[in-house]
Structures are given as structure tokens and as C-alpha cells.
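what follows is a protein structure lacking sequence information:
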């Protein structure tokens, strides 16, 4: 199903910050995160307690409600520790890998397309997603009120604490702690930084579990009346107890899985990025009297890769050593557009088709056969060619296992302009054989885009 217009508009709004997400257990179900929903976890832990003799059969009135189970465990033990320890260890909540939805969420936070996220989960998969993209300097991780000093303009709030919390009684599980936690610690911060956004999306909350209902109820009371609220869940709305409790209109229910929803949301942003790239390419071609190459096939490939891989390709092309994901902005688009124009220029002059691999290498194909694999690198206007050469040689081991090895590098936007580069065959061995029996081709030629534009015949040195 298509996403509502308000959602698509919010994710590409100039300046960002119009969309906030509130995530439940359903967001962690999909692989590789793989944490069951709260009711399944609760039932499994309850059955363990009964098997161990800690609880009697029938003693818990709602064994599939984690809050009810937590209340009973605390009553019997005077602490939540037995439940928290089993929950944390059984499902490895402290070491979960992020699924695609979480990686996309981290990317959209980095792009400032999402303002902030509130998670009702204890697993730290979304923190792992931020770490995977190395965007911790942009995204604040707030694992409890004691971390409010870590806030940035874009944050992830663990409303009920995270699996990193060592005090088991600090985890918000029992119904009695929810009101106190909200009014005493979170209300002002969550309201100011998250709930005042024009669009708020609840995702992965389908079951009417007490701790989720109470938290969501408190948040909904703080959401301004003008805010558009949506619930994303894979099952039909009639089977969602949480949706019934929210009392939203039917058109506010989006029947979709977490990862599918995030892919579709991100695709709208990718389209916006590509419109910016196309405009930047057109402007650059006009200013420099270059041919405005046809970028449509290449942009279609990048769109197919999705927002996370596209951002990683940008980082590779711009030689970003600080993080593996490069967000798009007004400074980045002209640099990437210049490279795209160069790639299309080579393809046109060599009568080949372009294939952009996920690792950032560009393959030129003719008749379905790969003729050449090329590394693409921008000096970003401040790097000299020699610096690019050093960085490329440092990165070359990552391509050693590829079936088609790169043999050339396309260089653009250097601070020293077009220069002739004749690097040694191998930085360690120096000048020597052009092939290695283990790694294969070791020579790598460098070609500046402006030199190729001045003499199209030189394209044959890259793509025979």
C-alpha cells in the first residue's frame, strides 16, 4: 500500500525534523534482530518460572503480559532481578544485530529526515545500527534520564531503559513504575524533543500489553491535537488491540511490516536525493560547458540499492574515512554529481553499460560482459591527487576477494587539478610484476576526469 501523503512530505521536508517514530517490540522481530514480541517472551519466561517451581501453575493471571508477570515476580522476590536476568540472557538483548529497518532508521536520523525516535524495547539493535553507520556524533543515544546530557538535535530515547542498564530494578516493567518514570523523568524531554512533531508514527506495537499501552497512552496525551498520528503493523487493524485502544481513524492504520515500511519511507528520500543530484549535474554541466549526460540509468541503480547502501557508496566515492555512511547535503551533491557525469561520460565514449556495485566499484559492461572495474574517488576540492592515491591504496585490500579486480581509478575535484600519476605497481614491493599468483592483477592506473574530457580517446585506457 502507498504511504500517506503526510508521511512522504514529512520525510523530505526542507530542514527536516517533522517526523518522529515510537517503536515497539514488533520492530525487533525481523531477522537478524530476531527478538519475539513481548507476549511471546513473557509466556516463555513464565513457563520457565513454573518449570523451576518459582511460580505455581495458574498463579499468574496473565502470563503473556510482561507487566503482570513483572508485578508478580517483584511481589514474590522483592526485586525484578529474576525476570530481568532471564529476559536479558535468554534473548541476548545486549548483543542484537540490527535488521534493515533499524539500519534505515539510523540513516534517516543521520540525514535529519527523522527528528527523533522513542523505543519501548530493551534490546539495543537500534544502537548497533547507529554504530554500524558511525553516526554517533549526529545521533544522541539516551538510555535513561541520566543520559539526557547526551542529547543532540536527533536522538534515540530508550523509554523503558536498555539492556545495558545494569540495575534490574531500573528497567520499566511493572505497571506501578510507568507513571512515576514518565512524570518524574521523561515527560518534559520526550514532549519537547519528540512529540511536538507534525507527524508521529507508532510502529511494531500490535498487542495491548499493559506496559506498552500505559506508555503510549501517556505519550498520546502529550501529543498536540494537530499532530498526525499513524500506527504501522503487519496484521489487519481488526486484530490489533493496540490500534483499538488508540482510537484512531481507519486511514491512520498502515498495514505493513517494519522493514517494508522503512524501505518505502526511505525510498521517498532517495527520490529527493536523486532530484538534487540531477539538478546539480545539470548546473555543473552548464557552468563548465560539459555535456549533460544521461544519469537516469545510474540513478535507477542507486535507488535500487536503497538509502543505506547508497549512502555507503557516497562515502566510498568521497573517501570519507570518518564514517561508512555519507549523508546527502548541498555540499555533497555537486561532488557526487560530478562523478556521476564522469561515469556516464566514460560509458558513452566506450559504448558500454554501467553497473554500480554495492562496494562502490563501477563496472563497465559490453554485451553483458564486464570489460573493466573502476574505483571512483573525489578530492572534494581540497585533496591533492597524491593524497587520493594513498587513500586508495589503503583501501585496496577490501577488493582483493572480488572476482573482477579494479584496474583503474577515476579521479575528480582535486585541489591540484589534472596531473599525471604513475604509481608503483605495489607500494610494498615497488615496481615489479603486474600480476600476483594469489591476488591477481596488482597495477592500478589513475585518470583525472578533466583529462578524459579534454581527450575522449583516453577513455580506451580505462575501458578497452
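Okay, I see it. Computed from a predicted structure; not experimentally measured.

touching, residue 361 and residue 403? I think so.
No. Between residue 361 and residue 403 there is no contact under CB atoms under 8 Å: 11.2 Å. (C-beta placed from N, C-alpha, C; glycine too.)

tell me which of those two has more neighbours.
Set residue 361 next to residue 403 and count neighbours by other CB atoms under 10 Å: residue 361 wins out with 20 against 7.

need the contact list for the closest residue to that one other than its chain neighbours.
Excluding the flanking residues, the one nearest residue 361 by CB to CB, 6 or more residues apart in numbering is residue 373, at 5.2 Å. Residue 373 is in contact with 361-364, 402, 404-407, counting by CB atoms under 8 Å, 6 or more residues apart in numbering.

one more: residue 37?
Counting by CB under 8 Å, 6+ apart, residue 37 has contacts 25-26, 29, 206-207.

pLDDT value on it, please?
In this model, residue 37 is scored at 90, pLDDT.

phi and psi next, for it.
With angles defined as degrees, to the nearest 10, residue 37 sits at phi -70, psi 160.

gap between it and residue 73?
20 Å (CB to CB, to the nearest Å).

so where do the helices sit in the stretch 1-150 of the chain?
Here the stretch 1-150 of the chain has its helices, by DSSP state H, counting those that start in this stretch, at 5-11, 38-52, 66-77, 81-90, 100-110, 125-132.

what angle separates the longest one from helix 66-77?
Using axes from the mean of the first three to the mean of the last three CA atoms, to 10 degrees, the inter-axis angle of helix 38-52 relative to helix 66-77 is 30 degrees.

is it correct that residue 155 falls within a strand?
Yes. Assessed with DSSP: H, G, I helix; E, B strand; the rest coil, residue 155 lies in a strand.

so what's the residue nearest to it when sequence neighbours are not counted up against?
Nearest non-adjacent residue to residue 155, counting by CB to CB, 6+ apart: residue 140, 4.0 Å away. Applying CB under 8 Å, 6+ apart to residue 140 gives the contacts 150-152, 154-156.

closest one to residue 92 out of those residues, please.
Nearest to residue 92 among the contacts of residue 140 is residue 156, at 19.7 Å by CB to CB.

and residue 205, what's its pLDDT?
Looking at residue 205, the pLDDT reads 87.

also residue 416?
pLDDT, residue 416: 89.

list the contacts of the nearest residue to it once chain neighbours are set aside.
Distances taken as CB to CB, 6+ apart put residue 384 closest to residue 416, at 4.6 Å, once the chain neighbours are dropped. Going by CB under 8 Å, 6+ apart, residue 384 touches 414-416.

which among these end up buried?
Among these, those buried by neighbour count (16 or more other CB atoms under 10 Å) are residue 414.

show the contacting residues for the residue of the chain most remote from its centre.
Relative to the centre of the chain, the most outlying C-alpha is that of residue 56, 44.5 Å out, by CA atoms, centre = their mean. Residue 56 sits next to residue 50 when contact means CB under 8 Å, 6+ apart.

correct me, but residue 97 touches residue 33?
Yes. With contact defined as CB under 8 Å, residue 97 reaches residue 33; the gap is 6.2 Å.

more neighbours, the two?
residue 33 (23 against 16).

and the more buried one, how far is that from residue 22?
17 Å.

could you find the closest non-adjacent residue to residue 172?
Residue 172 sits nearest to residue 160 (CB to CB, 6+ apart), 3.9 Å away.

distance from the lengthiest strand in the chain to the middle of the chain?
Longest strand in the chain by number of residues, with DSSP state E as the criterion: strand 369-378. Centroid separation between strand 369-378 and its chain, computed with CA atoms, centre = their mean, to the nearest Å, is 26 Å.

what do you get for stretch 6-17?
A distance of 17 Å separates the centroid of the chain from that of stretch 6-17, by CA atoms, centre = their mean.

endpoints of it, how far apart?
End-to-end distance for stretch 6-17: 13 Å, by CA to CA, to the nearest Å.

equivalent analysis for stretch 194-214, please.
Using CA to CA, the two ends of stretch 194-214 sit 18 Å apart.

that stretch: how far from the chain's middle?
Computed by CA atoms, centre = their mean, the separation of stretch 194-214 from the middle of its chain amounts to 21 Å.

tell me who's in contact with residue 316.
Residue 316 sits next to 359-360, 376 when contact means CB under 8 Å, 6+ apart.

show me the chain divided up by domain.
Structural domains assigned to the chain are 5-37+94-256, 270-461, following automatic domain parsing.

my guess is residue 291 contacts residue 284. True?
No. Applying CB under 8 Å, one finds residue 291 not in contact with residue 284, separated by 11.1 Å.

okay, those two: which has more neighbours?
For residue 291 versus residue 284, neighbours defined as other CB under 10 Å are more numerous around residue 284 (18 against 11).

in the helix or strand containing the more buried one, which residues are buried?
Of the helices and strands defined by DSSP states H and E, residue 284 is found in helix 258-288. By neighbour count on 16+ other CB under 10 Å, the buried set for helix 258-288 is 258-270, 272-274, 276-278, 280-281, 284-285.

what about that helix, distance to the chain center?
Here helix 258-288 shows a centroid-to-chain-centroid distance of 16 Å under the convention CA atoms, centre = their mean.

for it, give the mean pLDDT please.
When pLDDT is averaged along helix 258-288, the result is 97.

for it, packing partners?
Applying 3 or more CB pairs under 8 Å, 6 or more residues apart in numbering; DSSP states H and E, we find helix 258-288 packed against helix 5-11, helix 100-110, helix 296-317, helix 332-350.

now with 10 Å, please.
Using 3 or more CB pairs under 10 Å, 6 or more residues apart in numbering; DSSP states H and E, the elements in contact with helix 258-288 are helix 5-11, strand 19-23, helix 100-110, strand 199-203, strand 228-233, strand 253-255, helix 296-317, helix 332-350.

okay if I get those as CSV plus distance to residue 446?
Formatted as CSV, those follow (distance: least, CB to CB, whole Å):
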stretch, distance to residue 446
helix 5-11, 39
strand 19-23, 43
helix 100-110, 31
strand 199-203, 47
strand 228-233, 48
strand 253-255, 49
helix 296-317, 15
helix 332-350, 13
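
looking at the ones you listed, which is nearest to residue 45?
Among the helices and strands packed on helix 258-288, the nearest to residue 45 by CB to CB is strand 19-23 (21.4 Å).
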